[in-house]
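1. Would you be able to build a 3D model of this:
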Amino acid sequence: MKYIKLVFFSPIFLILYACPMAPGSRMYKPMNIEQTYFTQSTRCFLPNDAKNFKSEINKNKLLNWTGIIKNVKTENVADSLKFTITVDHKYWDFIEDFSIQDEKIFLSEKGEGEFYFTKKYPLSYQSKLDSISNHYKINDFIICYGNLKNNFENIPELNAHFSRVIPLKFYSTNIWRYAAKKEENGKTFCNDKNSYELANFESLKIPKSGQNK
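-> Numbering: from 1, shown residues only. Reported below is the predicted structural model:
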């Protein structure tokens, strides 16, 4: 597998899916450089939990949120540069499907709204940030690892540690629809793997050969 590692967000570009694989499904397989983040992160404290249960935010806990890139910007904040990716959260079952379709990741069309994935850098990094921003394409899928800020206003914000970017070609939101299982008080149910479980699963269409957008 070929990837690009950058000093800042360490974005990863998925090329593996361009290679033929035997038909079947498997649980998501993080790349070696990503494995520690995946293993140590929590996937069952989601954007709505951050908004509705602010007293339970642990800024030291590494979270893993997934979604679709909607905007990328760099701005001057005090004496630093703030790099911000706006992400539209989508539920994902963390399964990769290899068959006749191009897409290997079947995201739910549902999610929990927008969140920010951010990092601050010295002003001297401007040219490097101009370069890195070109690697985050609008409508690509992004797997985010970061710590949640506890003083956000309306939109949750993750301080970025690591990300993996997967091109638009390799995912679809038109195959399945599902949500995350919630407790009676609306908080996301957390299983023994520190992940959420699926609820209200529906099949929207049978994947066909090629693209299923």
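2. same for the helix or strand bottoming out on mean pLDDT in the chain, what does it pack against?
-> Across the helices and strands of the chain, the lowest-confidence element by mean pLDDT, DSSP states H and E is helix 126-133, at a mean of 82. Contacts defined by 3 or more C-beta pairs under 8 Å, 6 or more residues apart in numbering; DSSP states H and E place helix 126-133 against strand 62-77, strand 80-89. C-betas here are computed from N, CA, C, even on glycine.
3. Can you tell me how far the nearest residue to Ile155 once chain neighbours are set aside is from Thr39?
-> Excluding its sequence neighbours, the residue lying closest to Ile155 (C-beta to C-beta, 6 or more residues apart in numbering) is Glu114, at 5.4 Å. According to C-beta to C-beta, to the nearest Å, Glu114 stands 27 Å off from Thr39.
4. between the two, who's got more neighbours?
-> The neighbour count for Glu114 versus Thr39, taken as other C-beta atoms under 10 Å, is higher for Glu114 (16 against 10).
5. separation between that one and Lys82?
-> For Glu114 relative to Lys82 (C-beta to C-beta), the value is 17 Å.
6. just Ser133 next, same as before
-> Counting by C-beta to C-beta, the gap from Ser133 to Lys82 is 12 Å.
7. Ok, Glu56 next?
-> 26 Å.
8. How about Asp97?
-> With distances taken as C-beta to C-beta, Asp97 is found 37 Å from Lys82.
9. Excluding chain neighbours, give the residue nearest to the residue of the chain positioned farthest from its centre in space.
-> Computed with C-alpha atoms, centre = their mean, the residue of the chain farthest from its C-alpha average is Asp79, at 28.7 Å. Computed as C-beta to C-beta, 6+ apart, the closest residue to Asp79 that is not its neighbour in sequence is Leu123, at 6.7 Å.
10. What are the phi and psi values at the one you found?
-> Recorded main-chain torsions at Leu123 are phi -60, psi -30, according to degrees, to the nearest 10.
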